[in-house]
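Asks: Next come a sequence and a model predicted from it.
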Amino acid sequence: AQSVTQLGSHVSVSEGALVLLRCNYSSSVPPYLFWYVQYPNQGLQLLLKYTTGATLVKGINGFEAEFKKSETSFHLTKPSAHMSDAAEYFCAVGGTDGDSWGKLQFGAGTQVVVTP
Amino acid sequence: DTEVTQTPKHLVMGMTNKKSLKCEQHMGHRAMYWYKQKAKKPPELMFVYSYEKLSINESVPSRFSPECPNSSLLNLHLHALQPEDSALYLCASSQGAENQPQHFGDGTRLSIL
């Protein structure tokens, strides 16, 4: 079975500083990995996804993530935070076997606060 | 703007009422999902429809009844809900159920009195 751990339920960054959100997964087979963002009173929006191929994945709004199989990680980064990046971020792994097939397993989420 | 449209945006209902949530997508997606999200928590999967057939029911109480009239439309019928059912209900769709990225609507915020 797959699982996802997001380190840090809250992250505070200064405007212009690096944003780093950590995600570790467990999966017995090559995973499908996703990052979603949720702004207040909205649904989830896909930032980026990893399926196969290049391990550095670029997404929308200047975000990127690197799949590291040896570390079972899929950390999300953005070089320079903007006030509009304040939101909840969810890492998710797509189920690939058994009862988890076709299901997204979400991490607990990380709330990002951006300070001026 | 999202490509998955959910109505209504807000719903307040009593425990004896019957109401329905509606979700629509016109992206040609063949998988559609219902999630429940409590405050400060990740979404929890409730149901998955694949090619208009119910493929996953995550042991959801029968007071929630999903329906997929066609490939573009997904409903969630509500009856005799409990206060703990108050939450944000999210609909999502994807090209297929096999780990395609899911596109989410903005949800219906449901309050049970």
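Replies: Ah, there it is.
Asks: From now on I want contacts and neighbour counts done on CA atoms only, so please keep to that.
Replies: Will do.
Asks: Please confirm that residue A:57 is located within a helix.
Replies: No. Checked against DSSP: H, G, I helix; E, B strand; the rest coil, residue A:57 lies outside a helix; its state is strand.
Asks: residues near it, how many?
Replies: Other residues near residue A:57 come to 17 when the count uses other CA atoms under 10 Å in any protein chain shown.
Asks: swap in the one 10 residues further on?
Replies: Number of residues near residue A:67 (other CA under 10 Å) recorded here: 24.
Asks: phi, psi of it?
Replies: Main-chain dihedrals, residue A:67, degrees, to the nearest 10: phi -80, psi 120.
Asks: Surely it touches residue A:53?
Replies: No. In this structure, residue A:67 is not within contact of residue A:53 by CA atoms under 8 Å, at 10.0 Å.
Asks: so who does residue B:29 touch?
Replies: By CA atoms under 8 Å, 6 or more residues apart in numbering or on different chains, the contact set of residue B:29 is B:71, B:72, B:93, B:94, B:95, B:96.
Asks: That one should be in a helix, yeah?
Replies: No. With three-state DSSP as the criterion, residue B:29 is assigned coil and is not in a helix.
Asks: Residue B:66 versus that one, what's the distance?
Replies: As defined by CA to CA, to the nearest Å, residue B:29 lies at a distance of 17 Å from residue B:66.
Asks: which of the contacts of residue B:29 has the most neighbours?
Replies: Counting neighbours by other CA under 10 Å, the one among the contacts of residue B:29 with the most is residue B:93, which has 31 neighbours.
Asks: can you pull the contacts of it?
Replies: Residue B:93 makes contact with B:4, B:25, B:29, B:30, B:31, B:32, B:33, B:102, B:103, B:104 under the criterion CA under 8 Å, 6+ apart.
Asks: quick check, nearest of the residues you listed to chain A?
Replies: Proximity to chain A was ranked across the contacts of residue B:93 by CA to the nearest CA; first place goes to residue B:104, at 5.6 Å.
Asks: Let me know how buried the residue nearest to the closest one when sequence neighbours are not counted is, in neighbour terms.
Replies: The shortest distance from residue B:104 to any residue other than its chain neighbours is 4.2 Å, reached at residue B:92 (CA to CA, 6 or more residues apart in numbering or on different chains). Applying the criterion other CA under 10 Å, we find 28 residues in the vicinity of residue B:92.
Asks: Now for the residue of chain A with the smallest separation from chain B: which residues touch it?
Replies: Nearest residue of chain A to chain B: residue A:43, at 4.0 Å (CA to the nearest CA). Contact partners of residue A:43, counting by CA under 8 Å, 6+ apart, are B:90, B:104, B:105, B:106, B:107.
Asks: ok, so of the residues you listed, who is nearest chain A?
Replies: Among the contacts of residue A:43, residue B:106 lies closest to chain A (CA to the nearest CA), at 4.0 Å.
Asks: right, and the secondary structure at that closest one would be what?
Replies: On the basis of three-state DSSP, residue B:106 is classed as coil.
Asks: Show me which residues of chain A are close to chain B?
Replies: Taking CA under 8 Å from any CA of the partner chain as the test, the list of chain A residues beside chain B reads A:32, A:34, A:41-46, A:49, A:90, A:94-96, A:101-104, A:106-109.
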